[in-house]
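Q: fold the stuff below for me.
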Amino acid sequence: MISSLGKGLNILISCDHSFGHNWMSYLCYYSIFKNLPEAKVFVVCRRRNVTGSLFLWTKKFNVPFKMYNGEYDIGNLSGIKDVPLLITSPEVIAIRDFEEAKQDQNILNDRHFLVQTNFLCEAKEDTMCVFSSYLNGFGNFVTSEWIDNMNCPLVSSFSKRFFHNGMNSNEVRMADIWKESISLFQTISTGKL
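A: Below you'll find the predicted structure:
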């Protein structure tokens, strides 16, 4: 049985070892921490030829983190064998809990890819959902401009231009989580925490 706040649910963020996926995975984790705080989160990261200190936030928040080459087998990742397991990509934000979204979390009883469930909607859709994707943007934010960029949009000076008054309720929730996450991410990224 999964609680409305995620107790009993395992969430796996599957990403690449890249600058873009570093901040995106952090934002995904932060949103789960805020809206589904009882869920257990894991991060698996495919190796890329990127140097630098990435994914430091996983250590700071005690989030289990695994690097792999090629394809991974969830059954062979220690600690990630428990079900129910929800597998997501990093451009997803948890914007509300299951009860508020009026969605039955207890249909999750095995391994599920988030994109194959009714718990996910696009940010620009005004649909009640637990998770929302900004892959196709939200507000004035265009994901494709940042995905392979060495800069990080989780900075106050960048973020202000992404938000506007005409955003729907999902976009407003994303913007709130985005703004809340900035100072903590900056602190961790500079090694001050």
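
Q: who touches the helix or strand bottoming out on mean pLDDT in the chain?
A: Lowest on mean pLDDT, DSSP states H and E among the helices and strands of the chain sits helix 156-159, with a mean of 73. Applying C-beta atoms under 8 Å, 6 or more residues apart in numbering, the contact partners of helix 156-159 are 151, 153, 178-179, 182. Quick note: C-beta positions are derived from backbone N, CA and C, even for glycine.

Q: what does whichever helix or strand comes after it contact?
A: The helix or strand immediately downstream of helix 156-159 is helix 169-189, counting by DSSP states H and E. Helix 169-189 is contacted from outside by 23, 26-27, 30-31, 34, 56-57, 60, 93, 95-96, 121, 123-127, 129, 132, 134, 138-139, 152, 154-156, 159, 162-163, 167, 193, using C-beta under 8 Å, 6+ apart.

Q: tell me which element the residue nearest the centre of the chain falls in.
A: Nearest residue to the geometric centre of the chain (C-alpha atoms, centre = their mean): residue 28, 1.6 Å. Using DSSP H and E, residue 28 sits in helix 19-35.

Q: in that helix, which residues are buried?
A: Across helix 19-35, burial judged by 16 or more other C-beta atoms under 10 Å covers 19-35.

Q: what does stretch 97-111 give?
A: Those would be 97-98, 101, 103, 105, 108, 111, for stretch 97-111 by 16+ other C-beta under 10 Å.

Q: could you give the average pLDDT over that stretch?
A: The pLDDT scores in stretch 97-111 average 90.

Q: distance from the chain centre to that stretch, please.
A: 17 Å (C-alpha atoms, centre = their mean, to the nearest Å).

Q: contacts for that stretch, please.
A: Under C-beta under 8 Å, 6+ apart, the answer for stretch 97-111 is 1-6, 9, 35-36, 74, 83-87, 117-119, 128-130.

Q: what is the end-to-end distance of it?
A: 19 Å (C-alpha to C-alpha, to the nearest Å).

Q: cool, and stretch 133-150?
A: OK, stretch 133-150 end separation, C-alpha to C-alpha: 21 Å.

Q: please begin residue numbering at 37 from this point
A: From this message on, residue numbering opens at 37, which makes the last subject stretch 169-186.

Q: now do it, average pLDDT.
A: 85.

Q: what do you get for stretch 83-98?
A: Averaging pLDDT along stretch 83-98 gives 84.

Q: which of the residues in that stretch are buried?
A: 90-94.

Q: can I get those in JSON lines with distance to residue 207 and secondary structure?
A: JSON lines is the format used below for those (distance: C-beta to C-beta, whole Å; DSSP: H, G, I helix; E, B strand; the rest coil):
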{"residue": "90", "distance to residue 207": "27", "secondary structure": "coil"}
{"residue": "91", "distance to residue 207": "27", "secondary structure": "coil"}
{"residue": "92", "distance to residue 207": "29", "secondary structure": "helix"}
{"residue": "93", "distance to residue 207": "24", "secondary structure": "helix"}
{"residue": "94", "distance to residue 207": "27", "secondary structure": "helix"}
